[in-house]
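Chemist: Build me a model:
(one chain, ligands or ions: 2)
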Amino acid sequence: MKKIRTYNNIAAVGLAKFPTDRYLVDASSETPDALLLRSHKLHNEELPSSVLAIARAGAGVNNIPVSQYTPKGIVVFNTPGANANAVKELVLASLLLGSRGITDSMSYVASLADEKDAIELHKKVEAGKKKYGGSELTGKTLGVVGLGAIGAKIANLAIDLGMKVIGYDPALSVEAAWQLSSQVNRAENLNSLLARSDYVTLHVPAIKPTIGMMNEEAFSAAKDGMVLINLARGELVEEEAVINALDSGKLAAHLSDFPSEGLIAHGKSTLFPHLGASTVEAEENCAVMAAKQLIDFLDNGNIINSVNFPAVSMERTTGYRLTFANDNIPKVLGTVLNLLADLNINVLDMVNKSRDDIAYTIVDIEQEPTAALLEKLSSVEHVFHVRSV
Ligand SMILES: NC(=O)c1ccc[n+]([C@@H]2O[C@H](COP(=O)([O-])OP(=O)(O)OC[C@H]3O[C@@H](n4cnc5c(N)ncnc54)[C@H](O)[C@@H]3O)[C@@H](O)[C@H]2O)c1
Ligand SMILES: O=C(O)[C@H](O)COP(=O)(O)O
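Modeler: Ligands and ions are numbered 1, 2, ... in the order given. Model prediction:
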């Protein structure tokens, strides 16, 4: 039986993908083959040595110390794009909340609950109009920082709303570029986007170059009265800088999925409780994708949508399958193949791919690998993980 330890609320339709005759899915498994989680933080948590893979049902992996796991051969997966539509729709809501006095006007109406005189109520309702008016999105400029799965969807939606769109993404993938409307203008750098945008929405991962990207310097480059939407990660925005920008009027509004003590106390941001991906559809998409990827890896050694290993897949042949991970340097693959040849073990099929400093190989061989063979392969210099699948 293979064991999957789950954390967080993983959609049942995803959990149901694990065949019950071969998989035990359990939140308290002590020797899991894999972990399946959403935002649960793994930093400072000791992993059982049995863990071969971790699947993040979602996009961001900053809750996982990925670089610590790679040398142990632990493959970390995420589910690119599976919750992008849910986030896109909450950005749309945020654009509207940031352009019209919707929430304040609702509070105003709620405050009229004690007004029992219909004529007085009508007067007060009409007076509210003046206080809570807004402006339209059409014709305004939206700056989209990060044009991946979510950013591209938002950029295209904003074009459909009649907005002008500027995008900034120095690492834009070819695949993401294909998704993007040709009407999206490219900014050379963040400050140039900020200087021209009435609304700015962030859709980048929380990584070294992006953490704190919305700081005092960025706000001073920004257009006065800008609306900032952050449904990506709290770490992207410096709390003090955003508070100062709201107080000075540099920011007309700040909408964020990442409440902090300071922002809540300050009271001028519109804050959601990390709701971006919390739709039935997104939760199901993510759970199903994560489960399928784990099953294919645990059953076949195939790797799809990993954030630390190359994409490697091979149809199963009639033989037995070995996989190994190694430092991406010359001669390691040759040494392993020579070792198999010396033992008269015929290779039926093979695929080898590398990513940055590591390489991963799937080899189908004619005979069943013995424990002694696995040990020999593990002792090849620079091979750091071997598995018979
Ligand atoms: N609030 C939520 O519930 C929620 C849901 C999904 C994703 N997210 C967050 O949103 C992020 C983006 O999600 P996605 O699915 O679009 O991911 P993605 O990987 O498809 O896109 C991220 C994009 O950011 C770009 N990028 C990287 N560094 C950059 C930089 N310095 N400046 C500008 N662009 C940069 C990348 O090139 C990529 O195109 C996730 O990493 C996650 O943190 C939040
Ligand atoms: O990175 C993500 O996919 C989102 O932040 C969603 O996180 P969640 O799955 O915990 O809602």
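Chemist: Please report how far the residue in the chain that ligand 2 sits nearest to lies from Ile264.
Modeler: For the chain and ligand 2, the shortest gap (Cβ to the nearest ligand atom) falls at Gly58, measuring 2.6 Å. (Each C-beta comes from the backbone N, C-alpha and C, glycine too.) When Cβ to Cβ, to the nearest Å is the yardstick, Gly58 and Ile264 sit 24 Å from each other.
Chemist: who has more neighbours, those two?
Modeler: For Gly58 and Ile264, the more surrounded residue by other Cβ atoms under 10 Å is Gly58, and the numbers stand at 25 against 10.
Chemist: which bits of the stretch 1-150 of the chain sit near ligand 1?
Modeler: By the criterion of Cβ under 6 Å from any ligand atom, the positions of the stretch 1-150 of the chain lying close to ligand 1 are 58-60, 80, 83-84, 87, 145-150.
Chemist: among these, which are in helices?
Modeler: Ala84, Val87, Ala149, Ile150 (DSSP state H).
Chemist: ok, and the most crowded of the residues you listed?
Modeler: Neighbour counts for those, by other Cβ under 10 Å, peak at Ile150, which reaches 28 neighbours.
Chemist: Excluding sequence neighbours, find me the nearest residue to whichever residue of the chain sits closest to ligand 1.
Modeler: Taking Cβ to the nearest ligand atom as the measure, the point where the chain comes nearest ligand 1 is Gly148, at 1.8 Å. Leaving out its chain neighbours, the residue that sits closest to Gly148 by Cβ to Cβ, 6 or more residues apart in numbering is Ala176, at 5.3 Å.
Chemist: these two touch, right, that neighbour and Val144?
Modeler: No - under the criterion of Cβ atoms under 8 Å, Ala176 is not in contact with Val144, lying 11.5 Å apart.
Chemist: So for these two, which residue has more residues nearby?
Modeler: Neighbours of Ala176 and Val144, each counted by other Cβ under 10 Å, are more numerous for Val144; the result is 30 against 18.
Chemist: Could you double-check that that one lies in contact with Ile154?
Modeler: Yes - checked against Cβ under 8 Å, the pair Val144 and Ile154 is within contact range at 5.7 Å.
Chemist: Now list whatever residues contact both of the two.
Modeler: Taking Cβ atoms under 8 Å, 6 or more residues apart in numbering as the contact criterion, the common neighbours of Val144 and Ile154 are Thr201, His203.
Chemist: still on that earlier bit, would you list the residues of the stretch 1-150 of the chain next to ligand 1 in JSON lines and tack on pLDDT?
Modeler: Listed next are these as JSON lines, based on pLDDT from 0 to 100:
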{"residue": "Gly58", "pLDDT": "98"}
{"residue": "Ala59", "pLDDT": "98"}
{"residue": "Gly60", "pLDDT": "98"}
{"residue": "Pro80", "pLDDT": "97"}
{"residue": "Asn83", "pLDDT": "98"}
{"residue": "Ala84", "pLDDT": "98"}
{"residue": "Val87", "pLDDT": "98"}
{"residue": "Val145", "pLDDT": "98"}
{"residue": "Gly146", "pLDDT": "98"}
{"residue": "Leu147", "pLDDT": "98"}
{"residue": "Gly148", "pLDDT": "97"}
{"residue": "Ala149", "pLDDT": "97"}
{"residue": "Ile150", "pLDDT": "98"}
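Chemist: Count the neighbours of Asn156 for me.
Modeler: Using other Cβ under 10 Å, Asn156 has 18 neighbouring residues.
Chemist: contacting residues around it?
Modeler: When contacts are counted by Cβ under 8 Å, 6+ apart, Asn156 touches Gln179, Leu180, Ser181, Val184.
Chemist: would you say it is within a helix?
Modeler: Yes - under DSSP: H, G, I helix; E, B strand; the rest coil, Asn156 sits within a helix.
Chemist: Rounded mean pLDDT for stretch 179-189, please.
Modeler: Rounded to a whole number, the mean pLDDT of stretch 179-189 is 97.
Chemist: What of stretch 28-39?
Modeler: Stretch 28-39 shows a mean pLDDT of 97 in the predicted model.
Chemist: What ranges does the stretch 201-350 of the chain have for its helices?
Modeler: Along the stretch 201-350 of the chain, the segments classed as helices by DSSP state H, counting those that start in this stretch run 216-221, 239-248, 261-266, 280-300, 332-342.
Chemist: Buried residues of the second one, list them for me.
Modeler: Translated: helix 239-248. Of the residues in helix 239-248, those buried under the neighbour-count criterion (16 or more other Cβ atoms under 10 Å) are Glu239, Ala241, Val242, Ile243, Ala245, Leu246.
Chemist: just checking, what packs against it?
Modeler: Under the contact criterion of 3 or more Cβ pairs under 8 Å, 6 or more residues apart in numbering; DSSP states H and E, the helices and strands touching helix 239-248 comprise helix 216-221, strand 251-256, helix 261-266.
Chemist: As JSON lines, those with distance to Asn230 and mean pLDDT would be great.
Modeler: Written out in JSON lines, the entries for the helices and strands packed on helix 239-248 read as follows (distance: least, Cβ to Cβ, whole Å; pLDDT from 0 to 100):
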{"stretch": "helix 216-221", "distance to Asn230": "12", "mean pLDDT": "98"}
{"stretch": "strand 251-256", "distance to Asn230": "4", "mean pLDDT": "98"}
{"stretch": "helix 261-266", "distance to Asn230": "10", "mean pLDDT": "98"}
